[in-house]
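Asker: Sharing a model prediction with you, sequence too.
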Amino acid sequence: MTTTLDAASELSVYAGRIDATTLSALAINKTSGWITATIAVEAGSIEGGLLYEVRAASPAAQSVTYNGVSAPSDALLEPPQSIDAVNGELTVALAPWSITLVQLQLEESAPPAPTPTPTPGATQRVYLPTVRR
């Protein structure tokens, strides 16, 4: 994923593949303002998606909302927002001080992502993003 905003102080974005037709995009809005994001896939077309959101009133807030609910269930059963794609892209409004996970549903006709080829003798590593203030 790419963004023109500063990852350290404005917006961090990460992406992953769930299966052949489902991708995930994680966006962390670190600002006090709304950010409108357009999500597109280079080698395919998006049909729609589900939006899960954790939102705070400020960076120092001690309580948050989850999918719009201020007292979510322990199992986090509050339903995500469903969004439809327009021309194969999604436009998402990212709330101030929020973490938003978008589960993207690709069209079935989209080509599958290439399978990475492991390097013989290489050590497998897991990389975790780090967010600094």
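Answerer: Structure received. Numbers count the residues shown, from 1 in each chain.

Asker: could you pull out the strands for the protein?
Answerer: 11-19, 22-29, 35-39, 46-56, 64-66, 81-84, 90-94, 98-106 (DSSP state E).

Asker: Looking at those strands, spot the one closest to residue 3.
Answerer: The closest of the strands of the chain to residue 3 is strand 11-19. By Cβ to Cβ, the value is 5.2 Å. C-beta here means a position set from N, CA and C on the backbone, and glycine is covered the same way.

Asker: who does that closest one touch, helix- and strand-wise?
Answerer: Strand 11-19 makes packing contacts with strand 22-29, strand 35-39 when contacts are defined by 3 or more Cβ pairs under 8 Å, 6 or more residues apart in numbering; DSSP states H and E.

Asker: Apply 6 Å and report the result again.
Answerer: strand 22-29 (3 or more Cβ pairs under 6 Å, 6 or more residues apart in numbering; DSSP states H and E).

Asker: Please spell out which residues along the strand it packs on are buried.
Answerer: Buried residues in strand 22-29, counting neighbours by 16 or more other Cβ atoms under 10 Å, are found at 23, 24, 25, 26, 27, 28, 29.

Asker: one step back: in TSV: the strands of the chain, plus distance to residue 72.
Answerer: TSV is the format used below for those (distance: least, Cβ to Cβ, whole Å):
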stretch	distance to residue 72
strand 11-19	22
strand 22-29	19
strand 35-39	23
strand 46-56	9
strand 64-66	4
strand 81-84	14
strand 90-94	19
strand 98-106	14
